[in-house]
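Q: the following block contains a protein sequence and its predicted model.
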Amino acid sequence: MAKLLKTNILNRVFCQYNNCSYKFLSSTASNDYQKQHYDVIIAGGGLVGVSLAVSLAQSESLAEKKVLLLESAPAFKQPSKEKYSNRVSAINKQSIGLLKSLNAWNHIESIRCKPVMQMQVWDAISGEAIHFNHPNFSDQVACIVENDLILESLYKQLENLLNVQVRNESRLESCKLPKDDVKKSEVTLKSGEQFSCDLLIGADGANSIVRQKMEVNNFALSYKQMGVVATLELDAEEAAGNSVAWQRFLPTGPVALLPLTDKLSSLVWSTNVEHAKELLRMEPEMFIENLNEAYLKSYKTNSLVDKFMKTAEGAFPLGRNKMLQVPPRVKNLQEGSRAAFPLGFGHASSYVCRGAALIGDAAHRVHPLAGQGVNLGFGDVLKLTEILSEAVYSGSSLDNIQYLLKYEQERLKANVPIMVGIHALQQLYCNDFPPFVLARSLGLKITNFTPPLKKFFMEKALA
Ligand SMILES: Cc1cc2nc3c(=O)[nH]c(=O)nc-3n(C[C@H](O)[C@H](O)[C@H](O)COP(=O)(O)OP(=O)(O)OC[C@H]3O[C@@H](n4cnc5c(N)ncnc54)[C@H](O)[C@@H]3O)c2cc1C
């Protein structure tokens, strides 16, 4: 604590010396920082980049390090408290733990977040379903939080952490990483300003410039789908407290309703690009009608699949899906809340090199069907902070490749199985070819009726 205080005082002096009265700067600020050296530069102030900035600054062994956070967007504005934002995330237990340790969770809880007590995932073609609830039924399986609220609460923390400089409207245009002639990582902004650092972090999302400069391979594919998001009002009576997350797998992609309040939910409807555009253009009443139909419409089942499933039910004590619940009907669409985002998969062949490391979507991008993208990114933040602290504690520099490789190994172990699982689910569900329908129906049934298997999946996805 004393160390942190000392660092903050030192940084205050540093700020005064450099003539900056406020540490959130825009690119039009003076040139005082040209060729300034930082210990760490984080390119990208999205959810993952900002959380790393807070995490490094709050870590006792890293508190003396000077961090620069570069974000190409204008300064973050306080989100509206009247309307709910259409961009939300299902945050798992580990991510809540991270946000708590960064002192950011209290603020989120004091404003709003919605615990999910149950989840129902079902297949539109076979009707097979799986239900998730915490073994202790009074515990949540995840929490739905608006992305802007997470950012607001992290930026609030940064206001008190003077060892982090935040520069908005500061797009990283290019960078040089340590090679024979270059000793330290160097970055050049769009404005022409240049900085150097011991460690450059690529938190600049799926099209990361840092990743390109690291010259690592990036395995990327487009799902040729878009995620249509919106804020919806449900039939309050049918929603009954609205604490269930619903996801129905349609042949065109999954449609999910995530609870926000007792009668509001957030939509993530993954569908082909043409259909997504059509959904955005539709009159609100037509959109609601289409959405309710997506949840309730009966699909023609395949007689062979039906026959096989009945035989399996007879031969094995798997039981029938008597528990399939009907989701609440959508009644209204919050004005102006519809938007769509392209969906893709991406994975960098390496997360680190001399003088640089990748975190979040810059390293790995997944389909939102399992609500894991930012949770994986928060996992990177936890591990990278732990390993950099370890490096500094043992007298090593931040760009020590042995430590960076340790971060990579640990995160590959955690990220790859989840990414492969999500991609496999996307492929398995995005078609109505009978062998695929049969495989997934059996998979769902067996998992739903095998508690240890279900617990395993819950722990992997929600831990
Ligand atoms: C529809 C949808 C629903 C989702 N739902 C969930 C969910 O429920 N749960 C979950 O865990 N995940 C979810 N995700 C995934 C999640 O949103 C992402 O994984 C997460 O936002 C990635 O955060 P990030 O900070 O790594 O990258 P980004 O959010 O892409 O942030 C990158 C930041 O870097 C900035 N930047 C980019 N280039 C530069 C540059 N050159 N210089 C400076 N700054 C730059 C950008 O402006 C941006 O602010 C969802 C995704 C979608 C599309």
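A: Nice, thanks for sending it over. Bear in mind the structure is a predicted one, so any value in this text is a computation, not a measurement.

Q: is it true that I418 touches L369?
A: No - assessed by Cβ atoms under 8 Å, I418 is found out of contact with L369, at 11.9 Å. All C-beta spots, glycine's among them, are computed from the backbone N, C-alpha and C.

Q: residue ranges for the helices of the stretch 201-350 of the chain, please.
A: Assigned helices in the stretch 201-350 of the chain, in chain order: 209-214, 236-239, 273-281, 284-296, 303-315 (criterion: DSSP state H, counting those that start in this stretch).

Q: between I418 and L369, which is the more surrounded one?
A: The neighbour count for I418 versus L369, taken as other Cβ atoms under 10 Å, is higher for L369 (23 against 18).

Q: thought that one was touching H423?
A: No - counting by Cβ under 8 Å, L369 does not reach H423; the two are 9.8 Å apart.

Q: burial of D262, as a residue count?
A: So D262, with other Cβ under 10 Å, has 13 neighbours.

Q: can you pull the pLDDT of it?
A: For D262, the model assigns a pLDDT of 94.

Q: grab the nearest non-local neighbour of it.
A: N242 (5.1 Å; Cβ to Cβ, 6 or more residues apart in numbering).

Q: could you check how far the one you found is from the ligand?
A: Computed as Cβ to the nearest ligand atom, to the nearest Å, the N242 to the ligand distance reads 17 Å.

Q: name whatever forms a beta bridge with the closest residue in space to I288 that isn't next to it in sequence.
A: In space, and not counting its chain neighbours, I288 is closest to V330: 5.3 Å by Cβ to Cβ, 6+ apart. In this entry, V330 is beta-bridged to L234, by DSSP bridges.

Q: how about the one helix or strand H107 maps to: buried residues?
A: Per DSSP states H and E, H107 falls inside helix 105-111. The neighbour-count check on helix 105-111 (16 or more other Cβ atoms under 10 Å) flags 105, 107-108 as buried.

Q: so which of those residues are also by the ligand?
A: For the ligand, no contacts are drawn from the buried residues of helix 105-111 by Cβ under 6 Å from any ligand atom.

Q: closest to the ligand among those?
A: Using Cβ to the nearest ligand atom, I108 is the member of those that sits closest to the ligand, with 14.5 Å.

Q: which non-adjacent residue is nearest the closest one?
A: Closest to I108 by Cβ to Cβ, 6+ apart is S153, at 5.2 Å.

Q: is it true that the one you found lies in a helix?
A: Yes - counting by DSSP: H, G, I helix; E, B strand; the rest coil, S153 is found in a helix.

Q: OK, contacts around it?
A: 99, 104-105, 107-108, 111 (Cβ atoms under 8 Å, 6 or more residues apart in numbering).

Q: need phi/psi at the residue in the stretch 101-250 of the chain that the ligand sits nearest to.
A: Distances between the stretch 101-250 of the chain and the ligand by Cβ to the nearest ligand atom are smallest at G205, namely 2.7 Å. When read as degrees, to the nearest 10, the backbone of G205 gives phi 70, psi -170.

Q: roughly how far apart are the residue lying closest to it once chain neighbours are set aside and the ligand?
A: In this structure, G205 finds its nearest non-sequential neighbour in D361, 4.8 Å apart by Cβ to Cβ, 6+ apart. Going from D361 to the ligand by Cβ to the nearest ligand atom gives 4 Å.

Q: please apply the same query to R329.
A: 22 Å.

Q: number of nearby residues for that residue?
A: 15.
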